[in-house]
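Enquirer: with the sequence up front, the predicted model follows.
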Amino acid sequence: MDRFEFQLAMLQKGAEELETKVANFTTIMMQLKTTAITLWVALIGWVFTSKIDALVPLGYVIIFGFCFLEATYWKVQFYYIQRVNAITQFLNDESALDESFNTRSIPAGLVHPLGSLKTIKMPSLGRAIGAPSIYIFYTFLFVVNSIVWLITLKTAL
């Protein structure tokens, strides 16, 4: 096996590893959502059964805590997705692929272990929180928690 064939094999291995990592992060983020909603519903249930209305603001702690935790995982997943896009762009660029086969060399950063590409950077936490998969879910929880808090305040008066 020459150097180029080895690089091709490692490119394939890297692409498969990236696919697995992206899928694993998706699973983790779904588990975080499930845990957040479970804890939040348990808290609200506890508030209504114990009649301790002052506990409702703890729902915001759950919401914001899990929102930031999920955003952190999203940032890492997004980085891996950018890596997948870099490989996909290379494989779909006919001239780059022709050049690679003519020179029998894969561009730096695309071969496993995946070295960092200078064009790829980690997104900010604000961008991560602004991802629809995050902000829609946690905004919904925030609004429902606020409504529950208003209901408990109204019934306390």
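Expert: Yep, that arrived.
Enquirer: mind listing residues that contact the worst-scoring helix or strand of the chain on mean pLDDT?
Expert: Sorting the helices and strands of the chain by mean pLDDT, DSSP states H and E puts helix 94-103 at the bottom, at a mean of 86. For helix 94-103, the surrounding residues in contact (C-beta atoms under 8 Å, 6 or more residues apart in numbering) are 90-91, 106-107. For every residue, glycine as well, the C-beta is placed using N, CA and C.
Enquirer: show me the shaky parts of the protein.
Expert: In the predicted model, the chain carries pLDDT under 70 at residues 112-120, 156-157.
Enquirer: repeat the analysis, applying 50 as the threshold.
Expert: Counting by pLDDT under 50, not a single residue of the chain qualifies.
Enquirer: kindly list the longest helix within it.
Expert: In the chain, taking DSSP state H as the definition, the longest helix is helix 3-50.
Enquirer: buried residues, the helix or strand that comes right after that helix. List them.
Expert: Downstream of helix 3-50, the first helix or strand assigned by DSSP states H and E is helix 58-92. For helix 58-92, the neighbour count (16 or more other C-beta atoms under 10 Å) marks 58-59, 62-63, 66-67, 70-71, 73-83, 86-87, 90 as buried.
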